[in-house]
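[1] need a structure here:
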Amino acid sequence: MENQMQSSTNNQPVALVTGANQGVGNEIAKALAANRYIVYVGSRNLSNGEKAAAEIGANARAIQLDVTQQASITAAAQRIEEENGRLDLLVNNAGISHAGKPGRTLEEVLADGHATTASLDEVRAVWETNVFGVIAVTQAMLPLLRKSTAARIVNVSSGLGSLTWITGPDCWAREHFNVVYAASKTALNAVTVAFALELEKENIKVNATSPGFTATALNNFQGTDSLEVGSREPVRVALETDGPTATFTGPTGPMPW
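    Alright, predicted model coming up:
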């Protein structure tokens, strides 16, 4: 069985999607599996990941992965190495919009993120997942990505992270830029560029992409776009084996950093 699994994997590209048990990450995992990828469905809660993987089908494998826990990240990397020997695609999708009191409305969450009053504990908790978690997972998976002939890293960002866009006088989202979630996505974009520039000489592509304002648990399902629409650009970037590096794109095309 193990040999059979290894041989089938050798002919198929291998992907890891963090936070793939629901939302945009789940849609990305579905699309990759449909394109013959072996997809590791990363989930903090393994049973949620197993349920999601079962629904996706034979190409999906649940993997316990908490991006804020180094032991979890290390174990995931070891398992992927043992089962496949390489990783072709890493999608850093796991993200949280807040870490404060549960049950708050989207408006309350945004208000609690104001730079002048935000709880530093909440800032740290969100950045732990959205920024430091991405660095930790990417560093852990790099030895496996280096064994691929077409390695890519896709970081799921947000238009809110674009300083150029958000500071435009006519930007509708100006009042929603905060130090908890929005600034974490600006930091993620900077992390994306740092990895992209360093790994360019190794031909490992690193890009950021925004799903747009998608209805997910991130925003209490108050987003205006469907999951299918929201996952379209991340899926396109993830499947593009010969595309550019160091880009930031969204549903309507290139976005300013």
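[2] so the residue lying closest to Arg152 once chain neighbours are set aside versus Asn45, what's the distance?
    Using Cβ to Cβ, 6 or more residues apart in numbering and skipping the chain neighbours, the partner closest in space to Arg152 is Lys205 (4.6 Å). Glycine gets a C-beta too; all of them are placed from N, C-alpha and C. Distance of Lys205 to Asn45, given as Cβ to Cβ, to the nearest Å: 30 Å.
[3] hmm, back to that, so the residue nearest to Arg152 is in contact with Gly243, correct?
    Yes: contact between Lys205 and Gly243 holds when scored by Cβ atoms under 8 Å: they sit 6.4 Å apart.
[4] okay, these two: which has more neighbours?
    Shown here are Lys205 and Gly243; by other Cβ atoms under 10 Å, Lys205 has more neighbours (23 against 14).
[5] so what pLDDT did the more buried one get?
    You'll see Lys205 listed with a pLDDT of 98.
[6] also Met5?
    In this model, Met5 is scored at 45, pLDDT.
[7] before we move on, what about the one 4 residues further on?
    Taken from the predicted model, the pLDDT recorded for Thr9 is 49.
[8] quick check: longest helix of the protein.
    The longest helix of the chain (DSSP state H) is helix 182-199.
[9] right, and the helix or strand after that helix?
    Following helix 182-199 in sequence order, the next helix or strand is strand 205-209 (DSSP states H and E).
[10] so what does that following strand touch, helix or strand wise?
    strand 152-156, helix 182-199, helix 227-239, strand 248-250 (3 or more Cβ pairs under 8 Å, 6 or more residues apart in numbering; DSSP states H and E).
[11] hmm, who's touching the third one?
    To tie it back to what came earlier, the one meant is helix 227-239. Outside helix 227-239, the residues that touch it by Cβ atoms under 8 Å, 6 or more residues apart in numbering are 15, 23-24, 26-28, 31-32, 35, 89, 91, 93, 152, 154, 156, 207, 209-212, 214-216, 223, 243, 247, 249-251.
[12] what angle separates that helix from strand 205-209?
    With axes from the mean of the first three to the mean of the last three Cα atoms, to 10 degrees defining the directions, helix 227-239 sits at 160 degrees from strand 205-209.
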